[in-house]
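Structure for the following, please:
(2 chains)
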Number of protein chains: 2
Amino acid sequence: MKKSALQQARATYQPKLPVVLTGGAVEAIAGQPTESVANQAEIKELFPNTYGLPELHFEKKQNSTRSANLEAKPINVGVILSGGQAPGGHNVISGLFDGIKKIHRDSRLYGFLMGPGGFVDHKYIELTADYIDQYRNTGGFDIIGSGRTKLETKEQFDKGLEILRELNISALVIIGGDDSNTNAAILAEYYKAINAGVQVIGCPKTIDGDLKNNVIETSFGFDTATKVYSEVIGNIQRDCNSAKKYWHFIKLMGRSASHIALECALQCQPNVCIISEEVEEKNMTLSEVVDSIADVVARRAANGDNYGIVLIPEGLIEFIPAVKALIAELNDLLAAKAADFATVEADKQREWVINQLSEANAATYESLPLGVARQLTLDRDPHGNVQVSLIETEKLLSEMVAKRLDQMKADGKYNGKFAAQHHFFGYEGRCADPSNFDADYCYGLGYTAANLINAGVTGYMASLRNLTLPSVQWIPGGIPVTMMMNMERRHGAMKPVIQKALVKLDAAPFKKFASKREEWAMNTCYTYPGPIQYFGPAEVCDQPSQTLKLENQGL
Amino acid sequence: MKKSALQQARATYQPKLPVVLTGGAVEAIAGQPTESVANQAEIKELFPNTYGLPELHFEKKQNSTRSANLEAKPINVGVILSGGQAPGGHNVISGLFDGIKKIHRDSRLYGFLMGPGGFVDHKYIELTADYIDQYRNTGGFDIIGSGRTKLETKEQFDKGLEILRELNISALVIIGGDDSNTNAAILAEYYKAINAGVQVIGCPKTIDGDLKNNVIETSFGFDTATKVYSEVIGNIQRDCNSAKKYWHFIKLMGRSASHIALECALQCQPNVCIISEEVEEKNMTLSEVVDSIADVVARRAANGDNYGIVLIPEGLIEFIPAVKALIAELNDLLAAKAADFATVEADKQREWVINQLSEANAATYESLPLGVARQLTLDRDPHGNVQVSLIETEKLLSEMVAKRLDQMKADGKYNGKFAAQHHFFGYEGRCADPSNFDADYCYGLGYTAANLINAGVTGYMASLRNLTLPSVQWIPGGIPVTMMMNMERRHGAMKPVIQKALVKLDAAPFKKFASKREEWAMNTCYTYPGPIQYFGPAEVCDQPSQTLKLENQGL
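Okay, here's the model as predicted:
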């Protein structure tokens, strides 16, 4: 691997650990027993061995002496990267490595390759100091690779246990999003139930920002990814404001929540940002979303400003109740009448679909641009479902806005020029080198996971709190995963899952955005955050996300 | 304007001027008379007053005393930003401002708004110290805006002269690409011919990197833009190498040359990078380009690597001789038979076009994916021409590669998985905050332009040379624009134009790439440059482009 100049300089960065974790031994202080956020009885029944555990936080051990460490034994630990990449994963692993080595220098760390699949299939490498040193403070999950295999069956758990026994591994750390951590909790419960002697610890990862709650302040990667997106959005805004001739429609990754779009809006101050959760809450139709954008375009045009920026969360289309209903009916219809549909001639398909749909859904279908409507019926995944992620929502919206503006022009309500450019940002941010925040946060999470292992617990997620303070003041601890769970319907059955965090319309980040958006729509208030800086003044390099600041401090 | 933390910190950066320009007065040292690069007789005839001027470079004035400056008079200067944005434009203007203020504190700078159009229409602002201070070291052209109006008629020149006279402006600085500088030279000649008493100085701007030659080492903006693209390409590469499941097809802005793609390839070491100039030189067909990519995909798949990165220059399609010929014939055909074509039913258009085309072009047309073929006949600009910039070359290529791989699979020559993601980067880089290189280069160009004005010359382009040395050692001077010109056919007539710099297949940058590409194709040698840094160690912050290093030093 030829390292870039930045990688070489950045390799020497020493993440700032919470002061509690530096120096001598620590002890885990237990709080009160916990309850799950909902469905307590069901969750308790499903997790008889790991339900109700107390929250933990670490404190420096009183009267700690060096001899305490002499009593420690080596620990062998396995680690898995699960799901989509997020900046900082390599630092979780290096923090975990340093943490278990501090506990005992003969501790060993094994990495399972290409995600949970490597665990089940016994594909792994030992992570040595030299190897890990190449990956400190870098982005990506390429240190051991990641994958999307779901760990959920007894067979997988038992198969994995074989390799854990073979390598004398007594703890497994799973770095993943809400689903992966749910499965980590199920695995912890299972290993506890069968007395396997293996602890399972989770780490909160996802750029989407939807794995958080009142005990987990943020997931790692969100900070860096949104800073990369804000960099390029800012650059496009500056171009837009220089050329003054385009409307840029920018879609941002994140299907299940709009935290990324909201954070980027708070950082960049675009003219329009759609928040899916608001669209759903207000029961808006696609046409109303289009009208809301066309309205801003027309009002800016009246001021002579025929340019602007629109941010769109990737998941929008699935949050629009009418489109959601249409997709659901289409999925059922095309599954039930697949054979019939296959016999319909290409140029009759549209009519056929409209005739089969219920009146409301047929009307929604007819309102869609032809290309998108065609995509909804033709591009289907192996299970016969519409592939929503393939829909180019940014083009769909700009096309519909253009059409709406044509009508408004005919009605004398608009007299401007409208030309659009389209962008989609996702892969650009998932593997960026972690910001100082994520570098510190991830390293601290890994180090905390080592201490949770040393404390002998299972079914916990590593946590660091007080994240808007300087990182040396963060408070390390552990949160029982069952505490974050409720019951939700998945694939037709009720399952215990970690409750997903959507954008809350009554919380500070959205309220700040809502209070500013009219000003941002009409005046050009663009802010240009620029690229992530690693070496400059603290006010440039060490700032947490706006979302976190607003949530923690209301600032 | 709410400034980001980075903007605030960066505002205090003081660009490093060549040492020659610091301290006391300078004098312009003239070299030998020059000749144009070709068509000397024609160019000389067209530029009787500005042909054959000597190259200039500045040296510190011997025996310079403070009293020398007391003799100086205030200068009023106008400045125009022309064409697409490029990082550093604001620094050219601030360097020009500081330069003319140093010559005399009562000098004034006027900015014409939204490009050459503002000059013709008398729209301008005075650029004061307070106003300029807000824009130092920032990206964008929003300080006065830019535009694409071409300055080429006597009426425009005369109209512009009115406002120059009204504001007592004796020199005009035009910041633009090859066409804008060509027009600057024509304007310089005209004002000289009519004894208008107005000097015209050009500055070499374009992210595309195609305005350079043996006297102008690079255009400004290329360094920053390619660093931004390399940042996001590197991030995508790291994602690609972590997930190991996608081929990413990444198109990069720049229609007329492949310098951007080549520079990004040298920085990032992707598996494939197409260089349009090579495709043209080798007279490759589209199908051969597709085969060359499919070959790498198949050979990587044989090693178990079903992932990779392909860089594509935006202009590729127009460099493929067969496609170029097809587009030319289509333009003629659809212009000549527009009425006939309009009567052809939608599902008969393809057949109609194929029957009308010559055999070779019909074959090329038939080989294109349906969507692209349709685009070539339907999406036409107001002049009836194919809108090549709308063609999504990245999707066209990946679709054709997928088809080719299907054939190879059927023939038993390929046994892998192929899934593609698509990206297009352009607007992301044009308005980024300038790198230290571009911040220094642009400020120095502006400062040099002020000195050229003070030296009383016209028809020159500001130049800084020895750009791979530290910026204090750069050599400021001026190059007669006519020296870079030759005669080319434009819109049916021979015109004097600055010769465009294409990628040279026998020069060091391409040769380095060509010597490495087989290794990069098969082994995964990705390099991750990361974001532009402004505050760190010099080896991270102060590096010129690979292209420049290779051209100047063969490194």
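
Let me know the secondary structure of residue A:51.
Counting by DSSP: H, G, I helix; E, B strand; the rest coil, the backbone at residue A:51 sits in coil.

try residue A:489
Per three-state DSSP, the secondary structure class of residue A:489 is strand.

so who does it touch?
residue A:495 (C-beta atoms under 8 Å, 6 or more residues apart in numbering or on different chains). For glycine as for every other residue, the C-beta is placed from the backbone atoms N, C-alpha and C.

which residues are in contact with the one helix or strand residue A:401 maps to?
Assigned by DSSP states H and E, residue A:401 belongs to helix A:393-410. For helix A:393-410, contacts defined as C-beta under 8 Å, 6+ apart pick out A:247, A:249-251, A:286-287, A:289-291, A:293-294, A:297-298, A:310, A:312, A:314, A:316-317, A:368-369, A:372, A:414-416, A:418, A:420, A:422-424.

and these near chain B, which?
residue A:423 (C-beta under 8 Å from any C-beta of the partner chain).

Throw together a PyMOL command that grabs the buried residues out of the contacts of helix A:393-410.
This is how PyMOL selects the buried members of these, with burial counted by 16 or more other C-beta atoms under 10 Å in any protein chain shown:
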select buried, chain A and resi 247+249+250+251+286+287+289+290+293+294+297+298+310+312+314+316+317+368+372+414+416+418+420+422+423+424
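
Out of the contacts of helix A:393-410, which sit inside strands?
Here DSSP state E is the test, and these give A:247, A:249, A:250, A:251, A:310, A:312, A:420, A:422, A:423, A:424 as lying in strands.

Quick one: name the residues of the stretch 51-200 of chain A near chain B.
Proximity of the stretch 51-200 of chain A to chain B, by C-beta under 8 Å from any C-beta, involves residues A:84, A:85, A:114, A:138, A:139, A:140, A:141, A:142, A:145, A:146.

So which bits of stretch A:101-120 are buried?
Applying 16+ other C-beta under 10 Å to stretch A:101-120 flags A:101-104, A:107-120 as buried.

try stretch A:543-555
Quick answer for stretch A:543-555 (16+ other C-beta under 10 Å): A:543, A:544, A:545, A:546, A:547, A:548, A:549, A:550, A:551, A:552.

Specify which residues of chain A, grouped into ranges, have pLDDT under the cut-off.
A:63-71, A:379, A:382-384, A:554-555 (pLDDT under 70).

Find the centremost residue of it, please.
residue A:208 (2.4 Å; C-alpha atoms, centre = their mean).

check contacts around the closest residue to that one other than its chain neighbours.
Spatial nearest neighbour of residue A:208, excluding adjacent residues (C-beta to C-beta, 6 or more residues apart in numbering or on different chains): residue A:254 at 4.4 Å. Listed by C-beta under 8 Å, 6+ apart, the contact partners of residue A:254 are A:207, A:208, A:209, A:210, A:260, A:261, A:313, A:314, A:315.

Let's see that with 10 Å instead.
By C-beta atoms under 10 Å, 6 or more residues apart in numbering or on different chains, the residues touching residue A:254 are A:206-210, A:222, A:225-226, A:229, A:260-263, A:276, A:313-315, A:426.

Can I get the helix ranked longest in chain A in PDB, CA atoms only?
Assignment by DSSP state H gives helix A:222-243 as the longest helix of chain A. Provided in PDB are the C-alpha atoms of helix A:222-243 (Å, rounded to 0.1, in the frame of the first residue of the first chain):
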ATOM      1  CA  PHE A 222     -21.900  10.300  11.200                       C
ATOM      2  CA  ASP A 223     -19.600  13.200  12.000                       C
ATOM      3  CA  THR A 224     -17.000  12.500   9.300                       C
ATOM      4  CA  ALA A 225     -19.400  11.500   6.600                       C
ATOM      5  CA  THR A 226     -21.600  14.600   7.100                       C
ATOM      6  CA  LYS A 227     -18.500  16.800   7.100                       C
ATOM      7  CA  VAL A 228     -17.400  15.300   3.700                       C
ATOM      8  CA  TYR A 229     -20.900  15.800   2.200                       C
ATOM      9  CA  SER A 230     -21.000  19.400   3.600                       C
ATOM     10  CA  GLU A 231     -17.600  20.100   2.000                       C
ATOM     11  CA  VAL A 232     -18.800  19.100  -1.400                       C
ATOM     12  CA  ILE A 233     -22.300  20.700  -0.900                       C
ATOM     13  CA  GLY A 234     -20.500  23.900   0.200                       C
ATOM     14  CA  ASN A 235     -18.300  23.800  -2.900                       C
ATOM     15  CA  ILE A 236     -21.400  23.300  -5.100                       C
ATOM     16  CA  GLN A 237     -23.200  26.200  -3.300                       C
ATOM     17  CA  ARG A 238     -20.200  28.500  -4.000                       C
ATOM     18  CA  ASP A 239     -20.300  27.500  -7.700                       C
ATOM     19  CA  CYS A 240     -24.100  28.000  -7.700                       C
ATOM     20  CA  ASN A 241     -23.700  31.500  -6.200                       C
ATOM     21  CA  SER A 242     -20.900  32.400  -8.700                       C
ATOM     22  CA  ALA A 243     -22.600  31.200 -11.900                       C
END
